[in-house]
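> Below is the sequence, then the predicted model.
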Amino acid sequence: KAGVTQTPRYLIKTRGQQVTLSCSPISGHRSVSWYQQTPGQGLQFLFEYFSETQRNKGNFPGRFSGRQFSNSRSEMNVSTLELGDSALYLCASSYLTGGAETQYFGPGTRLLVL
Amino acid sequence: GESVGLHLPTLSVQEGDNSIINCAYSNSASDYFIWYKQESGKGPQFIIDIRSNMDKRQGQRVTVLLNKTVKHLSLQIAATQPGDSAVYFCAEKPPRAGGTSYGKLTFGQGTILTVHP
């Protein structure tokens, strides 16, 4: 079974631009979570989607948004990019949501904001 | 306040030694815990998990121990190999009550494991 895939793998943007990142979960998984990883803050939860509904959201500004499609694929969008948004953005999928569900991570999208 | 940067604990071992990586978790109500391994340029890779109704769980060359009294997790790697060199993260998941746990894993800062041949 193929793992979680994320596109693009690398991205360079300038301040003020917006960016859309894509995630395809493991086949059959319906929950997709997004995380931001930086050297300063570590791994931080952004949001989680299940059956096209956002179920949970972390402490990030409204510039960070996401959505999930009927095939469980998910996208996240960051508008009005800031230098501090440079990070590795990780997507994780699991079969269900809530409870003891293992999340499996993709390779991430490394975003550099100049 | 905000941290300037995370200073990750490091563990350096010789090939063939056993390694023990420790983690203190924050939420006494968390009922599920996972260890991940992250190699440079890759996403976190699942190693082993444990539910709060267990104290110990074993996998292939790895054992996770859970001490709920002191909110402590440890990962033991037997016969450590150079390929085990990576950053290791523990993650906790709070219970489902109130819906606040959906999808959210809270990660520790990580430990850098270096295995010398």
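Arrived safely.

> B:Gln58: how many residues sit nearby?
12 (other C-beta atoms under 10 Å in any protein chain shown). C-beta coordinates here come from the backbone N, C-alpha and C atoms, glycine included.

> and it, bridged to which residues?
In this entry, B:Gln58 is beta-bridged to B:Thr63, by DSSP bridges.

> burial count for the spatially closest residue to B:Glu15 that is not a sequence neighbour?
Using C-beta to C-beta, 6 or more residues apart in numbering or on different chains and skipping residues adjacent in sequence, the residue nearest B:Glu15 is B:Pro117, 5.2 Å away. Look at B:Pro117: counted by other C-beta under 10 Å, it has 7 neighbours.

> swap in B:Pro94?
Close neighbours of B:Pro94, defined as other C-beta under 10 Å, add up to 18.

> Could I get the contacting residues of the closest residue to B:Gln14 other than its chain neighbours?
Nearest residue to B:Gln14, sequence neighbours excluded (C-beta to C-beta, 6+ apart): B:His116, at 5.4 Å. Counting by C-beta atoms under 8 Å, 6 or more residues apart in numbering or on different chains, B:His116 makes contact with B:Ser12, B:Val13, B:Gln14, B:Glu15, B:Pro82.

> Looking at these, spot the one nearest chain A.
The closest of the contacts of B:His116 to chain A turns out to be B:Ser12 (C-beta to the nearest C-beta; 20.4 Å).

> State the next helix or strand along the chain beyond whatever helix or strand that closest one lives in.
In this structure, B:Ser12 sits in strand B:10-14 according to DSSP states H and E. Per DSSP H and E, strand B:10-14 leads on to strand B:19-24 as the next helix or strand towards the C-terminus.

> Quick one: mean pLDDT for that following strand?
Taken as a whole, strand B:19-24 has a mean pLDDT of 96.

> what's in contact with it?
Contacts for strand B:19-24 (C-beta under 8 Å, 6+ apart): B:11, B:13, B:35, B:70-77, B:80, B:84, B:88, B:90, B:108, B:111, B:113, B:115.
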